[in-house]
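J.: Next one to model:
(one chain, ligands or ions: 1)
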Amino acid sequence: MKKIILSGSTVTGDLTLGNYIGAINNWKQLQDQYDCLYFLADLHALTVYQDPKVLRERTYSFFAQYIALGLDPKKNIIFNQSHVHEHTELAWILTCLTPMGYLNRMTQFKEKSEKHVKNINAGLFTYPILMAADILLYQTDLVPVGEDQRQHLELCRDIVGFFENRYGPGVFKMPEAYVGKMGARIMSLQDPDKKMSKSDENDKNFVSIIDDAKKIEKKIKSATTDSGTDIKFDPENKAGLSNLMTIYSVLSGKSIAELEKAYEGKMYGHLKVDLAELVVETLKPVREKYDDLMKNKDHLDELLKSGADRAQVKARVTLDQVYKTVGLLKY
Ligand code: TYM
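T.: Numbers count the residues shown, from 1 in each chain. Next up is the predicted model:
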């Protein structure tokens with residue numbers, strides 16, 4: 001039996017180099033060895049206000065980006081969260097088991113409620129429970145995510161414990177986070193003390209997967225670095241430079257030590273020029289494939305429908321078992 005992998009991205013902003021390096025690049029590598037499910041978390045996006053027209057368009061755009069980045073809809077089950085209603089149904093059962101205190105500890109809730117002071121809704125608070133439902137519905141073994149999602153994964157594991165304490169074992173598999181060794185936290189380009197975020201208002205802080213070459217070059221060349229000259233990996237004292245080196249290392253496959261050696265005696269500017277070129281070259285075929293896919297929404301709809309149908313068959317099995325276990329009548 002192959003292990004089951006599941007992960008997703010919330011449909012907000014633009015997918016960034018951070019999402020690619022921290023998550024999707026790993027998803028791509030896992031697709032050959034495991035049974036993988038990758039989805040678009042469109043319901044999670046609703047925890048902040050979304051213009052309906054933009055959300056619809058962005059859902060297609062994210063889906064096309066997943067495929068353009070190398071996720072194969074034949075090898076994996078790729079689907080949209082709201083197309084499989086079992087996610088919200090399981091989320092309700094889990095909501096009734098999760099103490100408020102556990103949700104209060106979530107750093108992402110704290111950050112997001114500081115950012116969206118006028119819309120601190122209950123969905124923002126219960127967001128990690130829906131995430132747990134996403135994972136547990138599919139009997140997931142491994143969840144490849146960036147560092148920022150680790151706490152939500154821990155909560156998901158706690159929720160399995162709450163369920164088992166009340167109803168006994170055997171209904172859910174205990175999932176584990178899979179966090180890459182390199183690039184699990186790509187930092188903002190202008191402000192390397194905070195993570196690169198796809199919903200950042202300042203678009204100079206991130207490289208979007210579908211940025212054109214000019215934009216990419218400009219953003220990387222103007223990335224904040226320190227006033228030193230030595231090209232040395234030192235996240236504490238040279239956060240900006242070290243971030244660029246991490247991106248370089250993951251995209252080129254060269255180790256940090258190799259990069260330090262190659263850039264001995266050279267200036268930060270040299271590294272930025274080369275990195276900009278590498279990012280442009282990496283993303284160029286992705287952009288081309290993306291543009292192509294976006295021309296045919298009917299084809300995207302077909303793929304989405306087929307992904308949802310395949311996901312739902314699996315989701316249904318778990319949800320039926322849960323309903324039976326907790327005492328809901330089933331016919
Ligand atoms: P999201 O959409 O914020 O991010 C998608 C994935 O990208 C990773 N990531 C990063 N990795 C490295 N550096 C960064 N700067 C960076 N920014 C983001 C994230 O860790 C994530 O792996 N709640 C999730 C979506 C979700 C989900 C799930 C994930 C919903 N249900 C179930 C896994 C399993 C989110 O908003 O990710």
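J.: Could you chop this structure up by domain?
T.: Under the assignment automatic domain parsing, the domains of the chain span 4-183+297-326, 211-292.
J.: From the chain's centroid, how far away is the last one?
T.: Same thing as domain 211-292. Distance, stretch centre to chain centre, for domain 211-292: 21 Å (C-alpha atoms, centre = their mean, to the nearest Å).
J.: end to end, how far does it reach?
T.: According to C-alpha to C-alpha, to the nearest Å, domain 211-292 extends 15 Å from its N-terminal end residue to its C-terminal end residue.
J.: quick one: that domain near the ligand?
T.: No - contact between domain 211-292 and the ligand is absent, the nearest approach being 9.3 Å (criterion: C-beta under 6 Å from any ligand atom). The way it works is simple: take the backbone N, C-alpha and C, and place the C-beta from them, glycine included.
J.: Report the mean confidence score over that domain.
T.: Mean pLDDT, taken over the full extent of domain 211-292, equals 97.
J.: Where does the stretch 101-250 of the chain get nearest to the ligand, which residue?
T.: Taking C-beta to the nearest ligand atom as the measure, the stretch 101-250 of the chain has Gly146 as its residue closest to the ligand, at 2.4 Å.
J.: Can you report phi and psi for that residue?
T.: phi -80, psi 170 (degrees, to the nearest 10).
J.: now swap in Asp35 and tell me
T.: Phi and psi for Asp35, reported as degrees, to the nearest 10, are phi -90, psi 110.
J.: and the domains of the chain as CSV, adding mean neighbour count?
T.: Compiled in CSV, the domains of the chain are given as follows (neighbours: other C-beta atoms under 10 Å):
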stretch, mean neighbour count
domain 4-183+297-326, 18
domain 211-292, 16
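J.: So for Asp193, which of these sits nearest?
T.: Closest to Asp193 of the domains of the chain is domain 211-292 (C-beta to C-beta; 6.2 Å).
J.: Who are the contact partners of the residue of the stretch 101-250 of the chain closest to the ligand?
T.: Contact criterion C-beta atoms under 8 Å, 6 or more residues apart in numbering gives 18-19, 22-23, 179-180, 184-186 as the residues in contact with Gly146.
J.: what do you get for Ser255?
T.: So Ser255 contacts Ser249 (C-beta under 8 Å, 6+ apart).
J.: Skipping adjacent residues, who's closest to whichever residue of the chain sits closest to the ligand in space?
T.: Minimum separation of the chain from the ligand (C-beta to the nearest ligand atom) falls at Gly22, amounting to 1.9 Å. Nearest in space to Gly22, with sequence neighbours left out and distances taken as C-beta to C-beta, 6 or more residues apart in numbering, is Gly146 at 3.2 Å.
J.: Quick check: the one you found vs Asp134, distance?
T.: Here the criterion is C-beta to C-beta, to the nearest Å. By it, Gly146 lies 16 Å from Asp134.
J.: surely Gln81 meets His44?
T.: Yes - with contact defined as C-beta atoms under 8 Å, Gln81 and His44 form a contacting pair (7.2 Å).
J.: what about the strands in the stretch 151-300 of the chain?
T.: 176-178 (DSSP state E, counting those that start in this stretch).
J.: ok, which stretches of it are helices?
T.: Ranges of helices within the stretch 151-300 of the chain are 213-221, 239-252, 256-262, 268-294, 297-326, based on DSSP state H, counting those that start in this stretch.
J.: ditto for the stretch 1-150 of the chain
T.: Secondary structure of the stretch 1-150 of the chain (DSSP H, counting those that start in this stretch): helices at 17-19, 25-30, 42-45, 52-68, 86-95, 100-104, 107-115, 122-136, 150-167.
J.: So for Asp292, which of those sits nearest?
T.: The stretch from these with the least distance to Asp292 (C-beta to C-beta) is helix 52-68; that distance is 8.2 Å.
J.: Just want the angle from the closest one to helix 268-294.
T.: Orientation note: helix 52-68 sits at an angle of 110 degrees relative to helix 268-294 (axes from the mean of the first three to the mean of the last three C-alpha atoms, to 10 degrees).
J.: Quick one: distance of helix 52-68 to the chain centre.
T.: 14 Å.
J.: looking at this structure, which helix or strand does the model trust least?
T.: Ranked by mean pLDDT, DSSP states H and E, the helix or strand of the chain with the weakest confidence is helix 107-115, at a mean of 91.
J.: Any chance you could list what contacts that one?
T.: 47-48, 103, 120, 124-125, 127-128, 148, 151-152.
J.: and which of those residues is nearest to Ser227?
T.: Checking those one by one against Ser227 (C-beta to C-beta), the nearest turns out to be Asp148, at 29.0 Å.
J.: mind listing what the residue lying closest to Lys2 once chain neighbours are set aside touches?
T.: Spatially, and ignoring its direct neighbours in sequence, Lys2 is nearest to Asp35 (4.8 Å; C-beta to C-beta, 6+ apart). For Asp35, the set of contacting residues under the criterion of C-beta under 8 Å, 6+ apart consists of 2-5.
J.: Stretch 282-298: how far from the chain's middle?
T.: Taking C-alpha atoms, centre = their mean, one finds stretch 282-298 lying 20 Å from the centre of the chain it belongs to.
J.: Next: stretch 53-69.
T.: 14 Å.
J.: Equivalent analysis for stretch 84-102, please.
T.: Mean-position distance between stretch 84-102 and its chain equals 21 Å (C-alpha atoms, centre = their mean).
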